[in-house]
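Participant: Here you go, sequence then predicted model.
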Amino acid sequence: MKTRLTVVCGAVLCGIIVCCSAGNAAALEVVDGFSVMSLAFSPDGKVVAAGGGDNVANGGEVLFWDAQTGVLLRKLTGHTDFVTSITFSPDGKTLASGSKDETVILWDTQTGEPKRTLTGHWGRVSAVAFSPDGKILVSGSSDWTVRLWDVDSGALVQTLVEFPHGASAVTFSPDGTMLATTSPEQPESDTKGEPTKAQAERVFVLVEEALAAKRAGRLDEAEAKLRQALELDPHNVRAHWVLALRIGGAPPNNRGTLSPHEAEALQVVEMRNSSPRPQELASWGAEKWSGGAHLLGKCKYGSSLTLLLPVASAGRVRVDLYATQAPGYGQFQVSMDGQKIGEIFDGFAPAVRPSGRISLGTVSLDAGVHRLRFDVVGKNPASWDFWLGIDCIDLVPLPE
């Protein structure tokens with residue numbers, strides 16, 4: 001009698017999942033534009049689940065396939081950003097999904113409906129796991145916490161604050177008495193050592209106090225506490241995010257430009273370690289951006305891309321950039337025809353939003369085509385990647 005072995009392999013950014021049985025590979029039903037970030041079998045082995053997202057709309061989804069036939073069974077939609085981790089409960093009746101949108105959703109696997117949403121994390125939820133009895137769910141996040149939840153009520157049972165650089169994996173021991181976690185190592189460029197346990201606990205308290213002060217409208221007090229927290233741990237994600245949320249006044253908006261050059265419509269002539277493409281922004285309120293879309297650049301440290309910018313008539317202009325900010329965006333320097341213009345722009349924000357007007361200064365331009373280059377030069381300690389989003393460029397004529 002032969003033993004049947006089934007292996008599932010997920011390919012990120014292509015949406016192809018292959019079931020390999022007895023050495024014969026067969027593709028499951030492909031969903032165009034779906035990126036796979038996590039995989040799981042149901043306990044009975046009949047269902048293959050994949051967590052990820054739609055590359056066009058950027059919404060998070062969980063897909064179910066029949067493991068034997070490869071037929072797509074259902075889609076679970078509810079997350080506003082990519083699903084980064086999934087797991088089935090031991091009885092197979094519930095699936096937990098963690099997402100970049102900072103939430104965990106518990107789904108009824110029979111109906112595909114959400115049972116409840118667990119909120120409280122301040123960063124992407126990188127890992128989820130059920131206890132062996134299915135009563136407790138643990139979630140690990142880039143906000144450097146691991147949280148334990150009561151599955152039936154959705155109540156937060158305990159928060160562990162031992163992970164200054166985020167918790168990327170979690171698992172229970174078979175008897176449920178121990179919990180194992182892992183955290184990314186501190187970047188080599190960091191000069192400050194990791195905070196002690198006492199410092200980490202103090203930072204956690206300071207951020208909680210800052211949140212309370214912010215809700216009460218005491219913004220100066222909130223900022224002071226966050227500065228104290230960052231002195232103890234300069235790379236603390238939660239402190240950076242809450243500090244970024246302090247920005248007051250009306251939310252930024254990229255509408256109302258005089259004669260915008262839409263970045264997604266400009267010709268890209270040079271790329272270095274970057275993959276730019278137009279992206280619709282309906283999921284975040286397209287009315288906030290010029291044209292309802294932007295040019296998304298999937299970049300790394302040191303990446304660059306160059307756009308051709310047409311200028312109808314010669315003259316002196318103010319160069320205004322309108323960009324997108326997000327949790328995984330980096331810092332970039334802009335150059336016009338080889339000359340740096342403006343200051344380094346920090347694309348990080350705790351949520352996806354338009355940047356508003358960014359003045360890059362004034363330049364004199366001849367009529368014709370000019371080269372606008374974007375160099376990724378770093379990232380905010382709270383950001384988890386080096387991507388960039390360019391909405392449009394506005395050339396405002398100035399008197400000679």
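Facilitator: Thanks, I have the structure now.
Participant: in this protein, which helix or strand is least confident?
Facilitator: In the chain, no helix or strand scores lower on mean pLDDT, DSSP states H and E than strand 6-11, which sits at a mean of 43.
Participant: low-scoring stretches of this protein, by residue?
Facilitator: Applying pLDDT under 70 to the chain flags residues 1-33, 55-58, 161-166, 183-197, 234-251, 283.
Participant: if I pick Ser131, what's in contact with it?
Facilitator: Leu137, Val138, Phe172, Gly176 (Cβ atoms under 8 Å, 6 or more residues apart in numbering). Quick note: C-beta positions are derived from backbone N, CA and C, even for glycine.
Participant: which one among the residues you listed gets closest to Leu360?
Facilitator: Using Cβ to Cβ, Val138 is the member of those that lies nearest Leu360, at 46.1 Å.
Participant: Packing partners of whichever strand or helix holds that closest one?
Facilitator: Following DSSP states H and E, the helix or strand that holds Val138 is strand 136-141. In this structure, strand 136-141 packs against strand 94-99, strand 104-108, strand 125-130, strand 146-150, strand 169-172, with contacts taken as 3 or more Cβ pairs under 8 Å, 6 or more residues apart in numbering; DSSP states H and E.
Participant: Arg353 is nearest to which of those?
Facilitator: So among those, strand 94-99 is nearest, using Cβ to Cβ, at 18.0 Å.
Participant: just how off-centre is that closest one within its chain?
Facilitator: On the basis of Cα atoms, centre = their mean, to the nearest Å, strand 94-99 sits 17 Å off its chain's mean C-alpha point.
Participant: buried residues in it?
Facilitator: Thr94, Leu95, Ala96, Ser97, Gly98, Ser99 (16 or more other Cβ atoms under 10 Å).
Participant: Pull the residues that contact that strand.
Facilitator: Against strand 94-99 from outside (Cβ under 8 Å, 6+ apart): 40, 49, 51, 60, 62, 76, 79-89, 104-109, 115, 124-128, 130, 134, 137, 139, 141, 151.
Participant: and this protein, what are its domains?
Facilitator: Residue ranges for the domains of the chain, per automatic domain parsing: 6-182, 197-244, 260-397.
Participant: Output those domains in JSON lines; the columns should cover distance to Asn253.
Facilitator: Listed next are those as JSON lines, based on distance: least, Cβ to Cβ, whole Å:
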{"stretch": "domain 6-182", "distance to Asn253": "20"}
{"stretch": "domain 197-244", "distance to Asn253": "18"}
{"stretch": "domain 260-397", "distance to Asn253": "5"}
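Participant: looking at these, which is closest to Pro252?
Facilitator: Of the domains of the chain, the one closest to Pro252 (Cβ to Cβ) turns out to be domain 260-397, at 3.2 Å.
Participant: got the end-to-end distance for the closest one?
Facilitator: Criterion Cα to Cα, to the nearest Å; first-to-last residue distance in domain 260-397 is 12 Å.
Participant: residue boundaries of the helices in the stretch 151-300 of the chain?
Facilitator: All helices of the stretch 151-300 of the chain, identified by DSSP state H, counting those that start in this stretch, fall at 197-215, 219-232, 237-244.
Participant: Give me the helices and strands touching the longest one, please.
Facilitator: Applying 3+ Cβ pairs under 8 Å, 6+ apart, one finds that helix 197-215 contacts helix 219-232, helix 237-244.
Participant: for the first one, packing partners?
Facilitator: Pointing back at helix 219-232 there. helix 197-215, helix 237-244.
Participant: if we can go back for a sec, ranking the helices of the stretch 151-300 of the chain by burial, who's on top?
Facilitator: helix 237-244 (a mean of 24; mean count of other Cβ atoms under 10 Å).
Participant: Could you measure from Pro399 over to Leu258?
Facilitator: Pro399 is 15 Å from Leu258, where distance means Cβ to Cβ, to the nearest Å.
Participant: between those two, who's got more neighbours?
Facilitator: When neighbours are counted by other Cβ atoms under 10 Å, Pro399 and Leu258 differ, and Leu258 comes out ahead with 9 against 5.
Participant: gap between that one and Arg357?
Facilitator: Taking Cβ to Cβ, one finds Leu258 at 11 Å from Arg357.
Participant: Mind telling me what element Val396 is part of?
Facilitator: Here Val396 is assigned to strand 388-397, by DSSP H and E.
Participant: which neighbours does that strand have in its sheet, and in what orientation?
Facilitator: Using DSSP bridges, strand 388-397 pairs in its sheet with strand 260-262 (antiparallel), strand 293-311 (antiparallel), strand 315-325 (antiparallel).
Participant: possible to save the ones you listed as a markdown table with distance to Val269 and mean neighbour count?
Facilitator: Output for those, formatted as a markdown table (distance: least, Cβ to Cβ, whole Å; neighbours: other Cβ atoms under 10 Å):
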| stretch | distance to Val269 | mean neighbour count |
| --- | --- | --- |
| strand 260-262 | 15 | 19 |
| strand 293-311 | 5 | 19 |
| strand 315-325 | 18 | 21 |
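Participant: okay if I get those strands as CSV plus distance to Thr362?
Facilitator: Output for those, formatted as CSV (distance: least, Cβ to Cβ, whole Å):
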stretch, distance to Thr362
strand 260-262, 17
strand 293-311, 14
strand 315-325, 5
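Participant: To Gly45, which of these lies closest?
Facilitator: strand 293-311 (35.0 Å).
Participant: what are the ranges of the strands in the stretch 1-150 of the chain?
Facilitator: Assigned by DSSP state E, counting those that start in this stretch, the stretch 1-150 of the chain shows strands spanning 6-11, 16-21, 24-27, 34-41, 47-54, 60-66, 72-79, 83-88, 94-99, 104-108, 114-118, 125-130, 136-141, 146-150.
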